[in-house]
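Trainee: Quick one, structure for this:
(2 chains)
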Amino acid sequence: MIETANLSKHFGFIRAVDGIDLNMREGEVLALLGPNGAGKTTTVRILAAILKPTTGWARIAGLDTVREARQVRRIVGLLTEVPGLYTRMRALEYLDFFGQLHGLTSRQRAARSEQLLRRFDLWEARQQRLGEYSKGMRQKLALVRAMLHNPLVLFLDEPTSAMDPHSARQVRQAIIELRRERRTIILCTHNLSEAEALADRIAIIRRGRIAALGSVPELKRRLLGDTLLELRVGTSLDGLLPLLQDLVQVQECGVDWVRYTTSTPEMVNPQLVQRLSERGVPVITLSEVPRSLEEVYLRIVGEAPSDEDVHEPISSFESTPVLSQQ
Amino acid sequence: MSQLALLRAPLFSPSNREIPLRERLRLALVITRRELRDSLRDWRIMTPIVILTLLFPFLMDFTAGMARDFVLRYGGQNALIAERLNPFLLMIVGFFPVTFSLVLALETFVGEKERGSLEPLLSMPISDSELYLGKMLAALVLPLAASYLAISVYLTGMVFSSGWLPNSLMLLQMLLLNSMKASVMVSAAVIASSQTSSVRAANLLASFIIIPMALLVQGESILLFWGQYDVLWWIIAALCVADLILVRMGIRIFNREEILAREMDELNLGRVLRDFAGYFLRPPEQALQRGVHPSPNLWRMLRHDIPYLLCAHWQPLGMVLLTLTGAIALGISLAAQWPLPEGAIRLDALPQDTFERVPQLGFLPCFSITGVFFNNLRALVLAGVLGIFSFGVMPLVLLMAPLALVGFFAAQVAALGYSPLVFVATFILPHGFVELPAAIIATGFALRVGAALVSPPSGLDVGQGFLLVLADFLKVFLLLVLPLLFLAAVLEVEVTPQVVLAVYGMRP
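Mentor: From the prediction side, this is the model:
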């Protein structure tokens, strides 16, 4: 649904986007993560056919974002970083305006506006001037605007920022439903738990390049190593460690617990449990030690200065993605 | 059929060019309507417009009455002044509300950018020209409606107070003048709005629009008091041309990327010079590649850059050639209209000191190599400078004049029984075969410099585009035109007189 090849965008001497290759299938949700100034917004603007790439190309549903920009804009919905509402308008007027630009009939505009406003609890506030809306309401209305024409592809820049927990949950639910409807979504966010919960794949952008791309488990395995497992037993592990060490790599251990890594848990874990059982050691729990996406993110972007401070990409840094794309 | 296919079906067929004009106009009007509604809801816009529309004309009626009474009481037979005051006030009453178009237009893009509402608009399936047209109309409609209303109110008051009404032609002139002025201000202001990063910066640029407009209004006032109403038609025509150029320029240089990406309006002279040097020193085909190191290789410039640039500029050079052909034809036709009296030109026995007496004609300080060289140089530099301010038109006009003269005299010579070919071959060609190409090349590149302001080279904004074509102009001027001009001056002083005197000179 979304394809890019060597996508680059230079503003003068600044390389905002620097050779991004991306391939997304229909119905996939991709979270675009990265520090401020990394190139997320520029990438989205190119994909939404607002900016033209300096080199490379992008296609949305087979349409070239430069040559067929108008058609691309018809099938994408963009939630911008700032809601950018016309504050003297009312919600229905506002949606009617954008509906007209999308070429929807008046009946379609009215029906779709009502449906979406009700879905996001804004129907009651439809007669209020948008200037009177709270931050969260504005953000929700901007999302409604992006969804108004039922786009195939959605670019959502910080969709839940400034929202109260209830509204944020509504938006997350909407994203899940959109994915179920086979919409393709790119989600730019700094909220890592949200990205982990919603996205099929994560792309971490750093200095205009994709520094890491893959599903959350893949990224964790590649960047943080093999799955870390914790085994708790009912007796002391004294003398039993050599028994385990030929199967797994022991990382830490206590009196009645051990943490180990293995690249093939599906094969190793049953053997390990069997060995312990044969020795009469009762296994209380065997579970994966949770590792957050934040660790992955910080591993990639956390140790270098902010991208806002460094515009020129460092050629030696992650010239290829950590994971090849699917 | 999948949902994707269903959704794609109606969307994929029309390309931008295939979208009917009616649909494109509809989209522009959607934007116009929204902006108008927004303006009508803003009391900060509406209050002054209402005052200028409904109260100001009454004040003007009152002022006209007072002035008329004063002139009639103390001016004696100078009642003409009172009579001329009415059209002047009519113009002023219509112009004041029109000035509001400037306020609206200046913030049209940059204001939306500041409020963050521009990006959602730019992501809509509308073209740049539709967006631009919609915004322009929105800035134009309200002030123009207010202007027409103010004129109506003023005239109604005048009918009741003095019974004066302009004739229909004058009324049409006033309406057209105000409409064209509004249109020019809006197109210029929309350009300012789309090329700046803040409303403040756009407002500061407004003086470049206000000053010429103020001068224009003063000029119109003089014309109205002198009763030169016919000249107003020329002003209307000039405004119309200026408007077309500005609209074309606005649409051409409107750039979504620039609008979204520009954060600072700082004039960085160091960077300007660096960019200019890069464009000048790199090979033309790599001028935009900042990675290529600029190298001052004179040999490469002469062997590669100059021929490359001449080939790349075949369009402006062709246009200059075409215009010059037209100028010669014009000279010939003028010669037919105004034939010189018999004996006005005597070529059969030119005195040997003919060329020594050239300075007496007054257009050359002295007939020497430096005199001729600097005279031609001054003319071409002037053409280049004027080209910037006239969008490339003036260099053409300046070069047309001497060529029209050549055509004129060649035709006169023919009419007097001499061979025009021999005339041209002796008086023009000995140095002209070098001077003319130099002038044509310089004019062609000057034309491109001026045109770059209206239509910058693809992928560049106005500033960078201007720097690039200026660098090309300078490179060609320094390395090709200047040597040719010098050679032409040598030939003109040393060879042409010999040839002329050999053919037409008095035999000793």
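
Trainee: Got phi/psi on residue B:164?
Mentor: Backbone torsions for residue B:164, taken as degrees, to the nearest 10, come to phi -80, psi 140.

Trainee: Just give me the neighbour total for it.
Mentor: 16 (other C-beta atoms under 10 Å in any protein chain shown). For glycine as for every other residue, the C-beta is placed from the backbone atoms N, C-alpha and C.

Trainee: Please report how far it lies from chain A.
Mentor: 42 Å (C-beta to the nearest C-beta, to the nearest Å).

Trainee: just residue B:56 next, same as before
Mentor: For residue B:56 relative to chain A (C-beta to the nearest C-beta), the value is 26 Å.

Trainee: host element of that residue?
Mentor: Using DSSP states H and E, residue B:56 falls within helix B:56-74.

Trainee: Same question for residue A:284.
Mentor: Using DSSP H and E, residue A:284 sits in strand A:283-288.

Trainee: quick one: contacts of that strand?
Mentor: A:227-234, A:265, A:269, A:272-273, A:276-277 (C-beta atoms under 8 Å, 6 or more residues apart in numbering or on different chains).

Trainee: how about the closest residue to residue B:308 other than its chain neighbours, what does it touch?
Mentor: Nearest residue to residue B:308, sequence neighbours excluded (C-beta to C-beta, 6 or more residues apart in numbering or on different chains): residue B:284, at 5.1 Å. By C-beta under 8 Å, 6+ apart, the contact list for residue B:284 reads B:305, B:308, B:309, B:312, B:472.

Trainee: ok, now which ones touch the nearest residue to residue B:65 once chain neighbours are set aside?
Mentor: Closest residue in space to residue B:65, ignoring its immediate chain neighbours: residue B:161 at 5.5 Å, by C-beta to C-beta, 6+ apart. Going by C-beta under 8 Å, 6+ apart, residue B:161 touches B:61, B:64, B:65.

Trainee: I figured the first one hits residue B:154, correct?
Mentor: In this case it means residue B:61. Yes: between residue B:61 and residue B:154 there is a contact under C-beta atoms under 8 Å: 6.3 Å.

Trainee: Run through chain A and note the low-pLDDT ranges.
Mentor: Along chain A, segments meeting pLDDT under 70 span A:12-13, A:302-326.

Trainee: can you pull out the strands in it?
Mentor: For chain A, strands defined by DSSP state E occupy the ranges A:2-11, A:14-24, A:29-33, A:55-60, A:63-64, A:76-79, A:153-157, A:184-188, A:201-206, A:209-214, A:227-233, A:249-253, A:257-262, A:283-288.

Trainee: ditto for the stretch 151-300 of chain B
Mentor: In the stretch 151-300 of chain B, no segments count as strands under DSSP state E, counting those that start in this stretch.

Trainee: in it, which spans are helices?
Mentor: B:168-194, B:199-205, B:207-226, B:229-253, B:256-261, B:269-281, B:298-300 (DSSP state H, counting those that start in this stretch).

Trainee: Dump these into a markdown table; add mean neighbour count as well.
Mentor: Output for the helices of the stretch 151-300 of chain B, formatted as a markdown table (neighbours: other C-beta atoms under 10 Å in any protein chain shown):
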| stretch | mean neighbour count |
| --- | --- |
| helix B:168-194 | 22 |
| helix B:199-205 | 18 |
| helix B:207-226 | 15 |
| helix B:229-253 | 17 |
| helix B:256-261 | 19 |
| helix B:269-281 | 15 |
| helix B:298-300 | 10 |
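
Trainee: Are any of the contacts of residue B:161 buried, and if so which?
Mentor: Using 16 or more other C-beta atoms under 10 Å in any protein chain shown as the burial test, the contacts of residue B:161 include B:61, B:64 as buried.
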